[in-house]
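Peer 1: structure here, sequence nowhere to be found:
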């Protein structure tokens, strides 16, 4: 009986893993949320029986970091192209923010892959620019007109090769949000630029030395 069950075509179909692209799901504020499969990548919130598209805020994305484990990400990334997958795997706590960035501004992927720490600034552009809502369309237009240096200027960062070199050398691109404003301020200081650009691998303790006094 067991041998017949194992050889049954029906049993074989049940045992096979799904080959369909998967959505990532998590709960926040009493509601179920999801991000649909690549390359569509639509953030949705469930109301009753319907999924409604929305622009996720910082708290929703933070909840996603807690609610989506490694197994869920592994299944999701199976259907993401190689360049995007390799980029996303460089992030841990802020991987959902990184996914949103390259989904909303796919032209930025190559530049961000060169300096992954810049992704945190792009993801938080609304807060850094003091606006109420995200402006992905404006960001894309800025990049089309001015390239990565235009994006740096748009974010309030020094539009220089030194800025890119420093961000390129940040060892862990999951920068805490509370550091972004202080680090942006410090990157305008010649002494900070001189000190950081000498380090081939900028660690969290090094960044904390410049960010903590201003982030307090």
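Peer 2: Yep, it's here. Note that the structure is predicted; figures quoted are calculated from it, not measured. Residues are numbered from 1 along each chain as shown.
Peer 1: can you give me the helices in this protein?
Peer 2: Assigned helices in the chain, in chain order: 2-7, 9-15, 58-67, 70-77, 82-88, 95-104, 109-114, 118-123, 125-129, 136-154, 161-168, 177-186, 190-196, 204-215 (criterion: DSSP state H).
Peer 1: what is the least confident helix or strand in this structure?
Peer 2: Here the helix or strand of the chain ranked lowest by mean pLDDT, DSSP states H and E is helix 9-15, holding a mean of 37.
Peer 1: so which of the helices of the chain is the most surrounded?
Peer 2: Each of the helices of the chain was assessed for mean neighbour count using mean count of other Cβ atoms under 10 Å. The highest is helix 118-123, with a mean of 25. C-betas here are computed from N, CA, C, even on glycine.
Peer 1: run the chain-centre distance for that helix.
Peer 2: The chain centre lies 8 Å from the centre of helix 118-123; the measure is Cα atoms, centre = their mean, to the nearest Å.
Peer 1: so which of the helices of the chain is nearest residue 42?
Peer 2: Nearest of the helices of the chain to residue 42, taken as Cβ to Cβ: helix 95-104 at 8.6 Å.
Peer 1: test my guess that residue 129 contacts residue 153.
Peer 2: No - counting by Cβ atoms under 8 Å, residue 129 does not reach residue 153; the two are 11.4 Å apart.
Peer 1: now the closest residue to residue 204 other than its chain neighbours: how far from residue 59?
Peer 2: Distances taken as Cβ to Cβ, 6 or more residues apart in numbering place residue 172 nearest to residue 204, at 6.3 Å, with adjacent residues excluded. Per Cβ to Cβ, to the nearest Å, residue 172 is found 22 Å from residue 59.
Peer 1: right, I'll call it a day here.
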